[in-house]
Every structure is written in structure tokens, then in C-alpha cells.
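> structure, please.
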Amino acid sequence: MGSINVWSAYGFMGRLVRILFFSTNLLSVLMLIGVLVYGIWLNLSRARYAELLDPSLYVDVSRIMIFVSIIAIINAVIAVYSVMKELRCLIYSFATANFVLFIMLMMGGVMGFVFREKLIHQIPLDLKMLTSLKELYGNDNVPITEAWDDLQKNFRCCGVNGTDDFKIWKTSKWYMHMKKSPKPMVPESCCIPGHEDVCATANATDTSAFYQDTCYMPLKTDLLGVMNVAAWLLVISSLILLLPALFSGIYARLIKK
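From the prediction side, this is the model:
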């Protein structure tokens, strides 16, 4: 009885490469699931604030995380079937697709780092927030109004930054065009839960009913943090994708058909 060639799919190297493929493919799928979950969370919880700043690259990053990870997971599942059935054509297709997906995920990671740098050094977030508050809040601009209301409720803040704190609302078009009398000094989203009635009649000397902290630094710090996690997730997951692609390509070469 002839011995099995070590450098064949059924020899020692073939079995070793097969195990390495399944191990790294499982690792990549687990990583991709993490990317998918984080991308969905990022899109649902932070996309609303895109109305307050431009460019909103972080929204594009979250979409890349969602769509590319879904495609990559499906590709990984097909790869398992291809390797088990020793379908060389599908295995090579998987390896090629993984390389393309690697580029897409890496680009998403780079976009995340670029956004962080722009937010730190270029994007005048405080000025954009100030303009949207004074000129666009209310006035039938639903996206801006909802973004500000969500921001102030979620971060328990009011106003923009420094001297442009809660008092800035009295200089806004929302306040000037309000027909209610007496006019509330701040929107309801600035009010501490349970103190809405007091907040609606608050004045400059009675500030215990609404949030005192401003919103600029909490929003900026939050976006820098979540984008740092997203960018590193994308970079690491993209690099891990290369491992099963490499081992599947080697295994396909060992298949003698």
C-alpha cells in the first residue's frame, strides 16, 4: 500500500493547513460579528448627531462596518463548504474576495482615523453647533431639532461651550419666534427629568431645574472615543481576514484534481 504524500491535501501538511484555515476562519468570523454589532450600535446611537457636524465620516464608517462584515461572514461560511468539499475554484474565489474585503475594511479604519484627526485639528465643531442652535433649531428643521434634543437628553447637557451655555438659547431664533408666554428659557430637552414644570418657567437666577454642563466637550470626547474603537476594530479585523485567505489558498494548491 502506497504512502500518502506529505505535501498533499490528505498528508501531514494538508491536515495542518486545513486546521489552520478552520481556526483562523472562525477567529475572523467572531471578529466580524463584533464589527457588525459595533457598527449597528454606532449607527443607531450616533448617526443622529451627523446633522451637527460636517463631514460626518463616522456615519460612513458605521455603514462600512455593517455591510462589509455581513458580506465577509457570508463569504466565510461559503469557504467552509468549499474546503470541506475540496472545491478549488470556490476556494480561490474566497481567497480573492477576502483580499478585496481586507482593502474595504482597512479603508474604513483609515477613514475612522482621518475623522478623528479632522475633529481634533480641523472641524470647528463648537461653531457648527452654535450656528445650528441659534439659526436652525426649531424653525421646522426636524433633523437639527431632534439631534439637539437627543444630544442634550443623552449627555445631560445644555448649550454649547464656555459662555455659550444655557443662556445662548435666549439668543436663538427658536426663542425669538416662540409665541408662548411666558417663554421658557431653554428647550424641554435641557430640563432635568421630573422638573419640567419648574424648568418651563425658569429664569437666569433659578437654574436648578435644568442641566448646567455644556454639550461641546461631551460630544467631542464621545465621538473621538467611539471612532477610535471603530477604527481599530476595522484595522484588526481586516488583517485577520488575510489569514484564512492565505491558508485556503495553500490548501487549494495541495488538492490534486
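
> use CA for all of it now, contacts and neighbours both
Noted.

> flag every buried residue along stretch 56-71.
57-66, 68-70 (16 or more other CA atoms under 10 Å).

> how is this protein divided into domains?
With domains defined by automatic domain parsing, the chain comprises 12-123+234-254, 125-217.

> tell me which of those domains sits nearest to residue 223.
Closest approach to residue 223 among the domains of the chain (CA to CA): domain 12-123+234-254, 8.0 Å.

> what ranges does the stretch 1-150 of the chain have for its helices?
For the stretch 1-150 of the chain, helices defined by DSSP state H, counting those that start in this stretch occupy the ranges 12-46, 57-84, 88-121, 125-131, 142-155.

> those helices: lowest mean pLDDT?
Mean pLDDT is lowest for helix 125-131 among the helices of the stretch 1-150 of the chain, at a mean of 86.

> helices and strands around that one, which ones?
helix 216-254 (3 or more CA pairs under 8 Å, 6 or more residues apart in numbering; DSSP states H and E).

> without its sequence neighbours, what residue ends up closest to residue 90?
Once flanking residues are discounted, residue 90 sits nearest to residue 82: 5.9 Å by CA to CA, 6 or more residues apart in numbering.

> how many neighbours does the one you found have?
Using other CA atoms under 10 Å, residue 82 is surrounded by 20 other residues.

> need the buried residues of stretch 56-71 in JSON lines with distance to residue 103, can you?
Shown next, in JSON lines, are these (distance: CA to CA, whole Å):
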{"residue": "57", "distance to residue 103": "18"}
{"residue": "58", "distance to residue 103": "18"}
{"residue": "59", "distance to residue 103": "19"}
{"residue": "60", "distance to residue 103": "16"}
{"residue": "61", "distance to residue 103": "14"}
{"residue": "62", "distance to residue 103": "16"}
{"residue": "63", "distance to residue 103": "15"}
{"residue": "64", "distance to residue 103": "12"}
{"residue": "65", "distance to residue 103": "13"}
{"residue": "66", "distance to residue 103": "15"}
{"residue": "68", "distance to residue 103": "10"}
{"residue": "69", "distance to residue 103": "12"}
{"residue": "70", "distance to residue 103": "15"}
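
> of all these, which two lie farthest apart?
Maximum distance among the buried residues of stretch 56-71 (CA to CA): 20.2 Å, for 57 and 70.

> from residue 166, how far out is residue 209?
Using CA to CA, to the nearest Å, residue 209 is found at 12 Å from residue 166.
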